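In: The following comprises the amino acid sequence and a computationally predicted model.
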Amino acid sequence: MDISKLQPKSWDYIQSIISKDRVGNAYLIHGPSGSGKEAFALEFCSLITGFELRQFINNPNIFLILPADSDFYKNLFKSSKMDDKEYQEWNNYWKAKLVFPLKKNKLSHSKRIPINVLKNLKKNIFFKSEHKKVVIIFDAHSLSEGSSESANALLKILEEPPNNTSFLLVTDSVNNISSTIASRCQMINIPRISSENLVDLLARKKNFDSNIISFLSNNNLEKVDLLDEHSKESIIGIISRYIDCVEYDTAESVALFSEQTLLNFNSKKEFFYFELDIIKKWLECTLLIKESITIPFEWEDFTNLGEDFLSKNKNSDILSLLKEIEICLSNLKSNNAPKLSIMNMIINSHNSLN
């Protein structure tokens with residue numbers, strides 16, 4: 001699916017910029033997770049430079065920056081052979097991203113963009129070229145992690161940018177971008193994809209009806225991808241384990257849910273967050289049932305779980321159950337002990353049933 005079809009208004013805007021030859025020095029491309037911002041930035045880069053996506057790899061006019069360890073970049077800058085580990089990883093990342101630009105990929109688990117990347121950029125970007133140059137920075141908020149020295153280094157470049165060069169900063173967290181950097185960028189908001197624009201993509205999915213995918217994913221492309229790895233049965237299983245746990249059905253049910261959740265948090269964080277998102281969406285659906293509001297999809301097993309839960313727990317506070325998940329996520333984001341955060345969520349959720 002083409003990003004121009006998923007984000008038509010934003011696409012029309014950048015096409016207007018190109019057609020009027022008014023490309024600026026820097027753009028801050030921001031919006032919710034899963035809205036296709038990285039694919040948008042790559043296509044914008046293609047329009048600016050005139051290169052097709054397949055021509056991006058090892059292109060001296062296109063610079064890509066994203067979070068990774070300092071040692072990785074240090075070795076990458078020295079690499080020049082196909083058998084060098086970092087060289088292979090970098091090229092494999094590019095190849096995967098250019099084939100599936102809508103898919104979110106990570107180079108590492110690092111949350112920082114190290115200072116040596118900006119030093120290397122400054123060393124190599126000030127050259128004359130017959131082509132326009134573009135610097136793309138994915139997860140640009142990572143520049144401000146730690147001491148913010150990378151953000152300060154980028155700011156100095158933006159204050160006196162090289163000729164014929166544009167910077168495309170991409171982020172989910174625009175509030176974590178330095179205000180001095182943001183002030184030097186033109187803002188491009190990439191909104192959550194509308195159901196209308198996503199319908200063709202969802203129609204190709206086999207595991208779920210498009211209305212179900214739209215509801216469970218909130219039209220987030222990353223969550224749509226994760227749903228591809230699940231069946232209806234596995235989604236029902238996630239919710240059933242949660243219900244058995246917060247109802248304290250058995251000691252084993254509490255242990256099963258908490259241990260599996262902790263395991264996902266420690267080893268497969270995308271599944272940890274995905275499963276909690278699924279539970280939240282089920283609770284939202286259950287709240288609609290409680291308030292006699294029409295459900296926007298047909299899935300009997302899913303809604304039956306909500307009806308049975310409300311019948312069994314007539315005094316349950318669904319909003320409090322949702323709140324406990326949010327508190328758990330907030331605690332984990334603050335680096336609180338994961339096991340304690342999960343167990344507190346279970347205990348407090350159980351108390352919300354009475």
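Out: Cool, got the structure.
In: helices and strands around the helix or strand of the chain with the lowest mean pLDDT, which ones?
Out: The least trusted helix or strand in the chain, going by mean pLDDT, DSSP states H and E, turns out to be helix 195-203, with a mean of 80. Identification of packing neighbours for helix 195-203 by 3 or more C-beta pairs under 8 Å, 6 or more residues apart in numbering; DSSP states H and E yields helix 3-6, helix 210-217, helix 221-227. Any C-beta I mention is one placed from the backbone N, CA and C, and that applies to glycine too.
In: Now the closest residue in space to Phe51 that isn't next to it in sequence: phi and psi?
Out: For Phe51, the nearest residue in space outside its immediate sequence neighbours is Asn59; the separation is 6.2 Å by C-beta to C-beta, 6 or more residues apart in numbering. With angles defined as degrees, to the nearest 10, Asn59 shows backbone torsions of phi -80, psi 120.
In: what about Asn59, neighbour count?
Out: Applying the criterion other C-beta atoms under 10 Å, we find 16 residues in the vicinity of Asn59.
In: got it, and Lys333?
Out: With neighbours defined by other C-beta under 10 Å, the count for Lys333 comes to 9.
In: ok, now which ones touch it?
Out: With contacts defined as C-beta atoms under 8 Å, 6 or more residues apart in numbering, Lys333 is in contact with no residue.
In: and it, how far is that from Pro296?
Out: The gap separating Lys333 from Pro296 is 30 Å, by C-beta to C-beta, to the nearest Å.
In: List the contacts of the residue nearest to Asn211 when sequence neighbours are not counted.
Out: Counting by C-beta to C-beta, 6+ apart, the nearest residue to Asn211 once its immediate chain neighbours are dropped is Phe297, at 3.9 Å. The contact partners of Phe297, taken as C-beta under 8 Å, 6+ apart, are Asp209, Asn211, Ile212, Ser214, Phe215.
In: from what I can see the residue nearest to Phe51 touches Glu52, true?
Out: No: applying C-beta atoms under 8 Å as the test, Asn59 and Glu52 come out as separate, 10.4 Å apart.
In: pLDDT score for the residue nearest to Phe51?
Out: Reading off the confidence values, Asn59 has pLDDT 92.
In: Then Tyr73?
Out: 91.
In: what do you get for the one 3 residues further on?
Out: You'll see Leu76 listed with a pLDDT of 88.
In: repeat for Ser80
Out: As predicted, Ser80 sits at a pLDDT of 65.
In: and what of Lys205?
Out: 72.
In: isn't it right up against Ser214?
Out: No: the pair Lys205 and Ser214 does not pass the contact test of C-beta under 8 Å, sitting 10.5 Å apart.
In: ok so, going back, save the helices and strands packed on helix 195-203 as TSV, and put in mean neighbour count too.
Out: As requested, those are exported to TSV (neighbours: other C-beta atoms under 10 Å):
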stretch	mean neighbour count
helix 3-6	18
helix 210-217	21
helix 221-227	20
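In: what does the lengthiest strand in the chain contact?
Out: Identified as the longest strand of the chain according to DSSP state E is strand 165-171. Strand 165-171 has contacts (C-beta under 8 Å, 6+ apart) with 23-30, 37-38, 41, 44-45, 48, 125, 132-141, 154, 158, 161, 177, 181, 185.
In: so Ile236 touches Asn304, yeah?
Out: No: Ile236 lies out of contact with Asn304 (C-beta under 8 Å); the separation is 9.5 Å.
In: which one of the two has more residues nearby?
Out: Applying other C-beta under 10 Å to Ile236 and Asn304 shows that Ile236 carries more neighbours, namely 17 against 12.
In: From Ile243, how far off is that one?
Out: Separation of Ile236 from Ile243 (C-beta to C-beta) stands at 10 Å.
In: any residues in contact with both of these two?
Out: Common contacts of Ile236 and Ile243, defined by C-beta under 8 Å, 6+ apart, comprise Leu305.
In: Right, I'll leave it there.
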